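*Asks:* Kindly return the folded structure for what I paste below:
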Amino acid sequence: MKNDDLRADPNDLDHFVPRTPAKRGNSLVLQVAAGVFLGGLALWLVQLAATSLYAKLMLGTFTFGG
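*Replies:* Numbers count the residues shown, from 1 in each chain. The predicted structure is shown next:
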């Protein structure tokens with residue numbers, strides 16, 4: 001372990017071509033915007049259902065079991 005040579009041989013580095021970094025900035029913005037929009041829509045639907053159920057209970061038109 002003491003004599004391990006972990007350095008790369010300079011000739012071996014010719015095989016590895018560095019990749020160009022992918023442009024992900026725009027898609028990340030779109031993903032965040034879609035997540036915020038869909039989260040807000042889901043929250044609004046849950047609030048609408050809860051308000052409707054609460055109104056039915058308060059008006060006494062909600063029947064349990066028929």
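
*Asks:* quick one: the helices in this structure?
*Replies:* Under the criterion DSSP state H, the chain carries helices at the ranges 25-59.

*Asks:* Can you pull out the low-pLDDT segments for this structure?
*Replies:* 1-3, 5, 8-16, 22-25, 62-66 (pLDDT under 70).

*Asks:* Please repeat the previous calculation with a cut-off of 80.
*Replies:* 1-26, 61-66 (pLDDT under 80).

*Asks:* Neighbours of Pro18, how many?
*Replies:* By the criterion of other C-beta atoms under 10 Å, Pro18 has 5 neighbours. The C-beta positions use only the backbone N, C-alpha and C, and glycine is treated the same way.

*Asks:* Likewise for Ala34?
*Replies:* Ala34: 10 surrounding residues under other C-beta under 10 Å.

*Asks:* Likewise for Pro21?
*Replies:* With other C-beta under 10 Å as criterion, Pro21 counts 6.

*Asks:* quick one: it from Ser27, how far?
*Replies:* 14 Å (C-beta to C-beta, to the nearest Å).

*Asks:* next one: Pro18
*Replies:* On the measure of C-beta to C-beta, Pro18 and Ser27 end up 22 Å apart.

*Asks:* buried set for stretch 41-49?
*Replies:* The neighbour-count check on stretch 41-49 (16 or more other C-beta atoms under 10 Å) flags nothing as buried.

*Asks:* pull the CA atoms of it into PDB?
*Replies:* Extracted as PDB, the C-alpha positions of stretch 41-49 are listed here (Å, rounded to 0.1, in the frame of the first residue of the first chain):
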ATOM      1  CA  LEU A  41     -53.500  23.900  -8.300                       C
ATOM      2  CA  ALA A  42     -53.600  20.800  -6.100                       C
ATOM      3  CA  LEU A  43     -53.700  23.000  -3.000                       C
ATOM      4  CA  TRP A  44     -56.600  25.000  -4.400                       C
ATOM      5  CA  LEU A  45     -58.500  21.800  -5.300                       C
ATOM      6  CA  VAL A  46     -58.100  20.400  -1.800                       C
ATOM      7  CA  GLN A  47     -59.200  23.700  -0.300                       C
ATOM      8  CA  LEU A  48     -62.200  23.700  -2.600                       C
ATOM      9  CA  ALA A  49     -63.200  20.200  -1.600                       C
END
